[in-house]
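Novice: sequence and computational prediction follow.
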Amino acid sequence: MIRDDEAKRASTDEPEASDAPAHDQAHLSDRIHVVAGRVSDAAGEVAGRMSDAAGDVAGRAGDVAGRVGDRAVDVRDRFNSRVHASARFVAQRWVMKPTIWSVTDVTVLGRERLKGLEGGFILIANHSSHLDAPLIVGALPRKLSRYLATGAAADYFFDVWWRRGLTSLFFNAFPIQRGRSRGKGRAEKSEPEAKRSERRSGRADPTVSAASLLQRGFPVLVFPEGTRSKDGVMGPFKPGAARLAAACDVPIVPLALIGANIAQPRGTSWPRPGRLPVGVAFGDPMRPEQGETALDFSARLRTEILRLKTQYSADILGASAPSEGARP
């Protein structure tokens with residue numbers, strides 16, 4: 001009996017030999033599934049981190065490319081240099097303005113019309129004297145004159161180093177090419193000499209122009225007559241400034257210079273003695289109207305400057321003073 005009971009217990013506690021392999025296979029399969037799941041999770045995490053790293057690298061590369069592009073667009077030259085601006089401040093406000101204001105009696109009108117102006121815009125005025133640019137620069141608020149660039153005749157102001165240096169220092173000047181009428185009757189220059197003349201006058205740098213300066217946000221001073229009047233009577237306007245305003249989408253500020261040709265007539269190197277009266281009268285900023293041509297806009301600007309001169313001449317020169325075109 002004992003042997004029978006032990007045989008029964010043995011048959012109950014120990015699995016049959018045919019069942020053992022199936023049990024082990026099921027257990028191994030479960031372990032494989034668990035390991036495979038963990039490997040899949042780890043692979044997904046690694047892939048995610050690699051994707052994040054790749055995105056971060058791409059983002060940094062984009063930032064670097066953007067900075068390089070910004071540096072390429074943001075040209076650094078004397079027109080936006082703070083050092084040059086500081087030197088101009090000393091030259092304009094400590095030397096030029098006190099000198100001109102001490103030898104002439106200056107009246108500035110309409111400066112409140114410039115309120116709100118910022119960035120690129122065009123200043124235009126009648127032109128009859130070497131006093132014109134100093135009067136305009138001195139009459140402008142400091143905020144607007146800080147980076148004002150003045151168009152100057154390349155064939156005169158940029159032909160020799162000392163004149164080029166002085167106009168650049170005092171007026172932040174850039175060269176404007178005039179017609180060749182001044183050269184009629186003169187012998188033609190040889191090709192090497194012509195090239196040297198072009199380099200001296202600034203023609204060799206095509207990046208500096210009124211349009212490029214306006215697009216960079218700098219105000220520009222232009223005299224639409226192109227040259228000084230001989231008798232103070234305002235000549236016809238060239239449409240370049242009007243065309244430039246339309247192309248660059250900037251306003252034009254017209255201003256009238258009154259009495260400058262009397263205080264320092266063309267052909268003289270210094271203002272006449274006696275502190276003669278001169279005036280700067282600013283008009284409202286103007287833009288081309290819908291469908292208006294450059295010629296029509298230019299004519300409208302000229303009419304506005306004539307109106308300002310007519311309106312303020314008596315106040316500045318006095319009722320008994322000589323007319324604008326006369327020379328005392």
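Specialist: That came in fine, so what should we check first? Numbers count the residues shown, from 1 in each chain.
Novice: could you pull out the strands in this protein for me?
Specialist: 105-109, 122-125, 149-153, 173-176, 220-222, 252-258, 277-282 (DSSP state E).
Novice: so what pLDDT did N80 get?
Specialist: What the model reports for N80 is a pLDDT of 88.
Novice: likewise Q177?
Specialist: At Q177, the model reports a pLDDT of 78.
Novice: any idea how far the residue lying closest to it once chain neighbours are set aside is from L244?
Specialist: Spatial nearest neighbour of Q177, chain neighbours left out: A154 (5.4 Å); criterion: Cβ to Cβ, 6 or more residues apart in numbering. Backbone N, C-alpha and C define where each C-beta goes, glycine included. Distance of A154 to L244, given as Cβ to Cβ, to the nearest Å: 17 Å.
Novice: number of residues surrounding the residue nearest to S168 when sequence neighbours are not counted?
Specialist: Distances taken as Cβ to Cβ, 6+ apart place R78 nearest to S168, at 6.9 Å, with adjacent residues excluded. Residues near R78, counting by other Cβ atoms under 10 Å, number 16.
Novice: ok, R78 - contacts?
Specialist: Going by Cβ atoms under 8 Å, 6 or more residues apart in numbering, R78 touches H84, S168, N172.
Novice: same question for A85.
Specialist: With Cβ under 8 Å, 6+ apart, A85 has these contacts: R146, Y147.
Novice: 6 Å - rerun?
Specialist: R146 (Cβ atoms under 6 Å, 6 or more residues apart in numbering).
Novice: got the confidence number for it?
Specialist: 92.
Novice: kindly report the same for S40.
Specialist: At S40, pLDDT is 56.
Novice: could you do G325 as well?
Specialist: The model reports G325 with a pLDDT of 47.
Novice: same check on the one 3 residues further on?
Specialist: The predicted local confidence for P328 comes out at a pLDDT of 37.
Novice: just V106 next, same as before
Specialist: pLDDT recorded at V106 is 98.
Novice: next: L28.
Specialist: With respect to pLDDT, L28 scores 57.
Novice: what distance do you get for Y312 to D132?
Specialist: 16 Å.
Novice: contacting residues around S298?
Specialist: Taking Cβ under 6 Å, 6+ apart, we find S298 in contact with F237, P239, A242.
Novice: ok, now which ones touch the second one?
Specialist: Listed by Cβ under 6 Å, 6+ apart, the contact partners of P239 are A294, L295, S298.
Novice: take those residues and keep only those in helices.
Specialist: When DSSP state H defines the helices, the subset of the contacts of P239 inside them is A294, L295, S298.
Novice: so where's the stretch 201-328 of the chain shaky on pLDDT?
Specialist: Scanning the stretch 201-328 of the chain for pLDDT under 70 picks out the ranges 201-207, 320-328.
Novice: swap in 80 and give it another go.
Specialist: Residue ranges of the stretch 201-328 of the chain with pLDDT under 80: 201-207, 319-328.
Novice: what's the burial count for the closest residue to Q311 other than its chain neighbours?
Specialist: Using Cβ to Cβ, 6+ apart and skipping residues adjacent in sequence, the residue nearest Q311 is A281, 7.5 Å away. By other Cβ under 10 Å, the residues close to A281 number 26.
Novice: who does A281 form a beta bridge with?
Specialist: Beta-bridge partners for A281, by DSSP bridges, are L109, A256.
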